[in-house]
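A.B. asks: Pasting the sequence and the predicted model now:
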Amino acid sequence: MPIQLHRIDDRLVHGQVVVGWGQPLDIRFLILVDDAVASSDWEKDLYRMAVPPEMEIHFFDVATAIREHARFAADPRPGILLTGDIDSMQRLVTGVTAIGSVNLGGIHHRAGRSQFRRYVYLTPDEEAALHRLEASGIEVTAQDVPAARAVPLSEMLAEKETR
């Protein structure tokens, strides 16, 4: 079974990922792709504590995740791949042609970002990066939990203009 979800979420591993997505999709492993976390034993230990014992977690920088993606995509168990930012996902997608869709799950407020959903705030550069992802053939949708409707990128961006 392929990786069930390629998700951008700046909180990385938390209850919404582990329980909200993990339980309905019967997730057995997480792939956390973050250059800084991959090089920090302390941060990896913190994220391991958030994962239940029946779920594995793997940590990679983007370059290693590109090399290892096919191995995890071929795993018969369902998994989720997480990045904490759009840039990391964009670099991953550039190196892995098998990714068909990306989920925007949580890109939270900070200076310079505008609100598009209650859980998605973007800078103009991040909007442009998401457009590039979509132009490369990747389906980009915003969806915080599985029960919510997946909102296509074009719809999400258009809604901001009407607020």
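C.D. replies: That came through, no problem.

A.B. asks: Could I get the full set of helices for the chain?
C.D. replies: 15, 35-38, 41-49, 62-73, 86-95, 124-135, 153-162 (DSSP state H).

A.B. asks: now the third one: how far from the chain's centre is it?
C.D. replies: Per CA atoms, centre = their mean, to the nearest Å, the displacement of helix 41-49 from the mean C-alpha position of its chain is 18 Å.

A.B. asks: And that helix, what does it pack against?
C.D. replies: Judged by 3 or more CB pairs under 8 Å, 6 or more residues apart in numbering; DSSP states H and E, helix 41-49 is in contact with helix 35-38, strand 56-60. Bear in mind the C-beta positions are built from the backbone N, C-alpha and C, glycine included.

A.B. asks: of all those, which lies closest to residue 157?
C.D. replies: Set against residue 157 and scored by CB to CB, those come closest in helix 35-38, at 27.5 Å.

A.B. asks: which other residues reach that closest one?
C.D. replies: The contact list for helix 35-38 (CB atoms under 8 Å, 6 or more residues apart in numbering) reads 12, 32, 43-44, 47, 59-62, 64, 84, 88.

A.B. asks: Equivalent analysis for stretch 134-143, please.
C.D. replies: Residues contacting stretch 134-143 (CB under 8 Å, 6+ apart): 93, 99-105, 116-117, 119-120, 130, 133, 149-154, 156.
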